[in-house]
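Enquirer: Output the structure for:
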Amino acid sequence: MAKDRKIDLVILGLLFHEDLTGYDIKKRIDGAISFFWKGSFGSIYPALADMEKTGQVEKLEVETKGKREKILYHITDKGIDVLKEWLNVDQATNDLKYETLLKLYFGGVEGKEVTLKNISLFEEQVKRDLAVLQMFQKNLEMVLDQKDHVYYYLTVTFGIDTYEAYLKWCERAKKILCKKKYK
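Expert: Residues are numbered from 1 along each chain as shown. You can find the predicted model right below:
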């Protein structure tokens, strides 16, 4: 496994819970995980191929009647060991990349109207995402006694607290820009 290729670990984590196709992995990543991690088919399938070569996953071919063969991936004992090893490493990279903040940083080039528009667009996206996270929270609160749900719940509440802080910042940033006579 490439040390800097975290998609491998995302895949191993998902496969720890159930066998999945490459398409199913992408759907899981695009669901709840998309709030803090992204993955494309262009990264998922090469990762699966590499992890199969190193013995971390194996293919399970499933017969389907009259349809194209379905290939499920299954985590191996070696894959579980890799996942556990990563979970126990004290260091974690928590890089954030926000194009909105990059645009804000260079906002003086275009002026406050464009910056206000970009902040408002960010704010609307945050509100939409926050509503989804709150729905996840509500659903998870009903099943916290089931295995792994408390971990999903903690991830969701982190997202809610973070997105609520983003909304607070949006309001403050808009007030600052509107109060001053900036270009």
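
Enquirer: Quick check: end-to-end length of stretch 134-153?
Expert: 10 Å (C-alpha to C-alpha, to the nearest Å).

Enquirer: Oh, that last question was meant for stretch 27-44, not what I typed.
Expert: 11 Å.

Enquirer: How about stretch 98-116?
Expert: 16 Å.

Enquirer: Adjust the sequence numbering to begin at 13 for everything that follows.
Expert: Got it, the first residue is 13 from now on, which makes the last one we talked about stretch 110-128.

Enquirer: for this protein, what spans make up the strands?
Expert: 69-74, 82-87 (DSSP state E).

Enquirer: For the last one, C-alpha coordinates in PDB please.
Expert: In other words, strand 82-87. Extracted C-alpha coordinates of strand 82-87, given in PDB (Å, rounded to 0.1, in the frame of the first residue of the first chain):
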ATOM      1  CA  LYS A  82     -20.600  -9.200 -10.300                       C
ATOM      2  CA  ILE A  83     -17.200  -8.800  -8.600                       C
ATOM      3  CA  LEU A  84     -17.300  -8.300  -4.900                       C
ATOM      4  CA  TYR A  85     -14.200  -7.400  -2.900                       C
ATOM      5  CA  HIS A  86     -13.500  -9.000   0.500                       C
ATOM      6  CA  ILE A  87     -11.000  -7.800   3.100                       C
END
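
Enquirer: tell me which residues of that strand are tucked away?
Expert: Leu84, Tyr85, Ile87 (16 or more other C-beta atoms under 10 Å). Using the backbone N, CA and C atoms, a C-beta is placed for each residue, glycine as well.

Enquirer: Contacts only, for the second one.
Expert: Spelled out, it's Tyr85. By C-beta atoms under 8 Å, 6 or more residues apart in numbering, the contact set of Tyr85 is 23, 27, 31-34, 37, 60, 64, 69-72.
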